[in-house]
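>>> Make a model of this:
(6 chains)
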Number of protein chains: 6
Amino acid sequence: MPIIQIELLEGRTIEQKRKMIKGVTDVISETLNCKPETVHIIIREMKRENFAKNGILFSEME
Amino acid sequence: MPIIQIELLEGRTIEQKRKMIKGVTDVISETLNCKPETVHIIIREMKRENFAKNGILFSEME
Amino acid sequence: MPIIQIELLEGRTIEQKRKMIKGVTDVISETLNCKPETVHIIIREMKRENFAKNGILFSEME
Amino acid sequence: MPIIQIELLEGRTIEQKRKMIKGVTDVISETLNCKPETVHIIIREMKRENFAKNGILFSEME
Amino acid sequence: MPIIQIELLEGRTIEQKRKMIKGVTDVISETLNCKPETVHIIIREMKRENFAKNGILFSEME
Amino acid sequence: MPIIQIELLEGRTIEQKRKMIKGVTDVISETLNCKPETVHIIIREMKRENFAKNGILFSEME
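As a prediction, the model looks like this:
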């Protein structure tokens, strides 16, 4: 019954999300030996001003 | 001092959120024996293209 | 398909968790109008040295 | 390699986020003895109707 | 710079985690078009008494 | 009413946590202009086999 939360910068297409979700579910169900219908995935999209590394917002990096 | 995070599909009314929050706070404070004013709840609303089960985005289901 | 994450201080009994889970699931499914079997709940227990308010760890409060 | 998630009410300026991120990264890298470039921070902004305390939504408090 | 949080029931081997991590990182970096070294994954293991579905703790299901 | 979740590798002392919590609370309350008693912080400690970067578990890195 794995629950996966994926945090990424906004701007991906539905097609990218679709492939990502399919691929992650396959990997999880194969390696953990669980049914794909028990795999739940939450995607959270971040604005570039809401993600930071090294003390700097992504919106401030060129 | 419980902190609760609730992830749900978008589209609920304020009235639904109000009742949900009130009910969850009551249950938590009664069963955990803590004061309601220490119960904090975060609601996160997801677009249907940002939640998946069984490798399929909710926006792709019928 | 709500997913709920509950963060609480450790030390609760199974009986308390059982009642809490049952009550929260009932409230969520009634107020959001969704089937109880779609309600998933994750409980995370924190040591008192891993939760803080007002700049002070709970393990330091008497 | 600390990962920090900060949940706050919406309405802060970029300048406030910039200072917050810089300050938190400095504190974390100094107290945990890790390189600032390994500190990742996610900011999540909540609408006032999506945060509650004491069973009441923030949008309902005057 | 995706950050992935995976919540699963405890009891998996290091070998399973290793394969899961490798597979998820490959899928994410290919579908999102990002470098694998920017993919960070947090695994959280739950006791069966800390995960519930349909109002019932997993430790209570036979 | 900010809520902060900090994920870090296990092995830090109480003294380090105490300083980290104090420093983060000061930064948050100053930059966001909120009272320190509204700042809540959750610390989550990860085993090295439960954190990964670049497709590799930290327990596997030398």
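>>> C-alpha only now, for contacts and for neighbours.
Fine.
>>> Packing partners of the helix or strand hosting residue A:21?
Using DSSP states H and E, residue A:21 sits within helix A:14-32. With contacts taken as 3 or more C-alpha pairs under 8 Å, 6 or more residues apart in numbering or on different chains; DSSP states H and E, helix A:14-32 sits against strand B:56-57, helix E:14-32.
>>> Ranking these by mean neighbour count, which comes first?
Among those, the stretch with the highest mean neighbour count (mean count of other C-alpha atoms under 10 Å in any protein chain shown) is strand B:56-57, at a mean of 22.
>>> List the contacts of that one.
A:18, A:21, A:22, B:48, B:49, B:50, B:51 (C-alpha atoms under 8 Å, 6 or more residues apart in numbering or on different chains).
>>> So what touches the helix holding residue A:21?
Contacts to helix A:14-32, defined as C-alpha under 8 Å, 6+ apart, come from residues A:34-36, A:39, A:41, B:49, B:52, B:54-57, E:12, E:16-17, E:19-20, E:23-24, E:27-28, E:31-32.
>>> circling back: for the contacts of strand B:56-57, work out which two are farthest apart.
Among the contacts of strand B:56-57, the pair separated by the greatest distance (C-alpha to C-alpha) is A:22 and B:48, at 15.5 Å.
>>> Can you tell me the closest non-neighbouring residue to residue A:35?
residue A:29 (5.8 Å; C-alpha to C-alpha, 6 or more residues apart in numbering or on different chains).
>>> The helices and strands packed on helix A:14-32 into CSV, with extra columns for mean pLDDT?
Listed next are these as CSV, based on pLDDT from 0 to 100:
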stretch, mean pLDDT
strand B:56-57, 97
helix E:14-32, 98
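>>> Would you mind giving both backbone torsions of whatever residue of chain A ends up closest to chain C?
Chain C sits closest to residue A:3 of chain A, with a gap of 8.8 Å, by C-alpha to the nearest C-alpha. With angles defined as degrees, to the nearest 10, residue A:3 sits at phi -120, psi 120.
>>> Just to check, it is in contact with residue A:37?
No: between residue A:3 and residue A:37 there is no contact under C-alpha atoms under 8 Å: 11.3 Å.
>>> which one of those two has more residues nearby?
Per other C-alpha atoms under 10 Å in any protein chain shown, whichever of residue A:3 and residue A:37 has more neighbours is residue A:3, with 19 against 14.
>>> give the contact list for that one.
Here residue A:3 is in contact with A:39, A:40, A:41, A:42, E:6, E:7, E:8 (C-alpha under 8 Å, 6+ apart).
>>> For chain D, give me its nearest residue in chain A.
Counting by C-alpha to the nearest C-alpha, chain A gets nearest to chain D through residue A:54 (3.9 Å).
>>> Find the nearest non-adjacent residue to that residue, please.
Per C-alpha to C-alpha, 6+ apart, closest to residue A:54 is residue D:37, 3.9 Å.
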